[in-house]
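Novice: fold the following.
(3 chains)
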Amino acid sequence: MSERKHRTVRPRRITHLVLMLGGLLMVFPFLWQLSMSLSTQAEVTSVPPTWLPSEPQWGNYPAVFEQVPFLNQFLTTVAVTVARVVGQLLLCALAGYAFARMTFPGKNVLFALVLSILMVPYQIYLIPQYDIIQELGWLNTVAGIAAPGIFSAFGTFLMRQHYMGMPRSLEEAARLDGASPWRTFWQIMFPLSGPALSAVAILTALASWNDLMWPLIVATYDDRTTLAVGLSTLQGQFTTDYPVMMAASFMAMLPLMILFIVLQRHVVAGLAHSGMKG
Amino acid sequence: MNHDAPRRHRSRDGAWPLVFLAPLMIGVIVFYFWPILATFLNSFSSFGPFGDRSFAGLENYRTMLTDSFIPRAVLNTAVYTAIVLLGIPIAVGVASLMNQKGLRLSRFYQVLFFLPAVSMPVAVALVWRMIFNQEFGVVNWALGLLGIEGPYWITSPWWALLAVSIVGLWASLPLAIIILSAGLQGIPSELYEAAQLDGAGSLQQFRSVTVPLLTPSIFFLSIITAINGFQLFDLLFAMMGQANPAMADTQSLVYLFYSEAFRQNDQGYASVIALLILLIIGVFTLLQFRMQRKWVHYE
Amino acid sequence: MASRRAFLGLAGAVTATALAGCAREPEIDPAIGPLAEPGLKDEITFGIWDKAQEPAMLQIVDAFHEHYPDIGVTISTTAFGPYFERLRIQAQGDDLPDVFWINGPNFELYASYGMLQDLSELEGFDPENYPPNLVELYTHEGAPYAIPKDFDTIALWFNRDLLHRAGLDEPTDSWSWDEYREASGAVTRALGAEQIWGNAGGLANQALIYPLIMQAGGYVISEDKTASGYDSPEALEAFRFLDGMIRDGIAPDVRYTAENQPKDLFNNGRAALYPSGNWEAALLQDSPVRDHLGVAPMIHGAEEANVIHGIGVAMSARSRHKPAASAFLAFLGSEQAHRIQAEAGAANPAFIGTNETYVEAIPEFSLDVFVDAAETARTYPASENTSAWLQLEELLYPKILGGDGQLESAAEELATRMDGVLADES
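Specialist: Okay, here's the model as predicted:
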């Protein structure tokens, strides 16, 4: 007994050591960012590095709002993310349900065509999408930034997989009661889609919040673009104020990080779903 | 309307599929199917500085054959992807440590290891740029402790690519660990018990049970990691910044695409580059699928 | 039920706008038309690239509101680096700001492609009010397409505290190249351990490389605009002068200045000498080392040479708010607006007779050095498609001064490629 205990405890200690050191390495950039965001310019550029500010410079955070239209960019990012998430949840659930449970001519071909979108790199779509948004007069609007991202092949795929796995008996009962497919979907199937919907929502929110190239070209005015674009143009603006830059980038990441820590289990499950892509 | 559906026996759903699918399909056609065609057509056009186009035949394709940036960008993208792929073995190790039964603090470790997955690439790129700063960066400070004079990570050609790749690897680890963890949880514990009865130590169990049974996950992961790798843009764009002397030697294919399309405003040529990216990803994925027979174990 | 309606509404909206989009073909009157009535209610955008000048521009907008209280002006500031990249995207997307800054290198391109409004008929704009060479810079085929906003020349900014600590006196007149090099070396030797450089280095064209090439007796572009001067012995002499300081550890490496911009080094008291333009004043008046800063005339080589340039303000030819934009543009060209930016120390105004206001705005910087330099400064080198060879400079300057023995070959390559661009123009 004592020998066996000996054998399991020792490796565990090494496991903890490795995971702790590795984990610290993974979060080091965030800790460093936080520390720099509270330092002075001189401390940030000092050699050797100043690990902790001698006196926290809280003023670096309000300074962000003076240097960039951070609030506008934040609200734009939130609006784009909400629009994309809500839009995708509705459209992908509807389409996924149709592909999973309805019969109509050309279903498989159509589904394969939709899936083929996933095989094509995003650059192929980019320039024509820009032309379309411009034609619509949606440049520099939330609608323009959000529009293409509302229509997701991957979200549709996930929802279809989900509905394929649900027992048919649920719907059969409703149909016998004379409910239309619309009511069947809306009142029975949709409310039962929680896990799949949350996976789609999480993946979309991540993609939308962090996206760079698309908003970079459709939203070229700093007060009407997203946080990612705002951050990318912060360099070379005015004079390079590193602490304020760190404060801005930290604030830009914070909402998703908090969301992750609060909803850890769901986010991990959602991310695991993205492994189904390929 | 349900009552008098004439072909009830064949398609009881009537026009409903149309109602369910139309919203998605309109967007898919407008924003995806049409653009594929448009990009193909654009590749035969030449564009003026402000988007005015004219027919150019195969000229954009010919330009690509002589453009010295293209082979370099392909090479850079491949090197980046290769380095990021090195994260998979690391992820296998971390995932198997993290998924030991009854490991305490495992939720805490998850937070530590998964945080990069939810972080904005542009934002972390700005931080890493500081970490890699030649003069006051932490990396060169650490190298200095070892008596090594660190290079200009961000502004000299190969070092910049290496720095961006290291960050890419760091950023790709969480997803890899998550997917491998899901794979690990699917391995039946009887297999380990059987191996234990055969007298296999934990390292041997890892080699003879864990790794072979993880190969389908690893295969999957290598495909998505490679595809993501070929899409390198955000990190490069934000870490290197504009007017970087190393940029010409470090740009990725997607960066080249962006630069041709929106800095040089040569959208015809950019379309050819986009098609090249499609071709490379297609060929690479096909190769991986063919090679998988040699090393992936399906039960 | 509510979400169901929302979904149907969304689908409807997508379809409707998709159809509407195809039919939309906006008609814009090419004529500039009269200025807005004072009571007009409208919203316009104003694109600029210098964050340091934003406060002054806001003051100008405030003053404008005394005449036009209901025309809202949204200032959109983009860093100079990506400014023209974005402007191109905006021009292509028919999405230009109503009024925006433009510079000499980009002017011809935008004017010749009909992106800019012809200002011949703009009420209240009289070209006589500005120096003829700046008016000429913004004239295309005989018509004005932008109003001169300011002008800038180059001088030697210095940090007297750092010079004194290295045992040097501050420059009172133009230093020769040798004096500049020696002073830089003395500061780097004395203070290098504190991460302080003698000069800030860098690859600035207008503020550093153009004047040096001219001071060596060379040119960037030949007078008939057909040949590049980058492979001339004079240009190579200028490059070797800069390269020598980098190789001897007196000036920072080009890889170093790519990470730590020269203006940041100087602004933070980490470089003693910094040849640059008067546009720095707007930024440096808030520098932590402001009290130590001063300005001396530009250094000189075999010849004295300086470069003059000025920003112009233009209107988009496809602005949908021409009356409001005209009113604002006319105000931007007025003496009042020029005095506001002068008083703020933001820019050396182009309006004749207002320079004194600028010089007095920050007396300790002796900005009169810049005004005096304008008398003999040479025209900013430009051709029809300047932006094309500016990209070549950006690409090849780092190779020329990169210190891997490519100085001559990279300069040769720059000249050859630039010659190619110039040949395409004619």
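Novice: residues in contact with residue B:106?
Specialist: Contacts here follow C-beta atoms under 8 Å, 6 or more residues apart in numbering or on different chains; on that basis residue B:106 touches B:98, B:99. In this view, the C-beta of every residue, glycine as well, is placed from N, C-alpha and C.
Novice: and residue C:64, how far from residue C:117?
Specialist: 18 Å (C-beta to C-beta, to the nearest Å).
Novice: and these two? which has more neighbours close in?
Specialist: residue C:117 (26 against 21; other C-beta atoms under 10 Å in any protein chain shown).
Novice: am I right that that one is in contact with residue C:32?
Specialist: Yes - here residue C:117 reaches residue C:32: they are 5.8 Å apart, a contact under C-beta atoms under 8 Å.
Novice: any residues in contact with both of those two?
Specialist: By C-beta under 8 Å, 6+ apart, residue C:117 and residue C:32 have these common neighbours: C:315, C:322.
Novice: ok, residue B:42 - contacts?
Specialist: Counting by C-beta under 8 Å, 6+ apart, residue B:42 touches A:127, A:128, B:53, B:267, B:268, B:271.
Novice: in the stretch 151-278 of chain A, which residue sits closest to chain B?
Specialist: residue A:151 (3.3 Å; C-beta to the nearest C-beta).
Novice: OK, contacts around that residue?
Specialist: By C-beta under 8 Å, 6+ apart, the neighbours of residue A:151 are A:87, A:88, A:91, B:24, B:27, B:28, B:31, B:32.
Novice: can you lay out these as JSON lines showing neighbour count?
Specialist: Shown next, in JSON lines, are these (neighbours: other C-beta atoms under 10 Å in any protein chain shown):
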{"residue": "A:87", "neighbour count": "24"}
{"residue": "A:88", "neighbour count": "29"}
{"residue": "A:91", "neighbour count": "29"}
{"residue": "B:24", "neighbour count": "28"}
{"residue": "B:27", "neighbour count": "21"}
{"residue": "B:28", "neighbour count": "23"}
{"residue": "B:31", "neighbour count": "20"}
{"residue": "B:32", "neighbour count": "22"}
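Novice: and what about the nearest residue to residue B:81 once chain neighbours are set aside, helix, strand or coil?
Specialist: Nearest non-adjacent residue to residue B:81, counting by C-beta to C-beta, 6 or more residues apart in numbering or on different chains: residue B:229, 3.2 Å away. Following DSSP: H, G, I helix; E, B strand; the rest coil, the label given to residue B:229 is helix.
Novice: just give the number of residues close to residue B:229.
Specialist: 25.
Novice: now for the contacts of residue A:151: which two are most distant?
Specialist: A:87 and B:32 (14.8 Å; C-beta to C-beta).
Novice: how about low-confidence regions in chain C?
Specialist: C:1-27, C:426 (pLDDT under 70).
Novice: what ranges does it have for its strands?
Specialist: For chain C, applying DSSP state E gives strands covering C:42-48, C:71-77, C:99-102, C:139-140, C:143-144, C:147-148, C:154-159, C:197-199, C:271-277, C:293-297, C:307-308, C:312-315, C:378-379.
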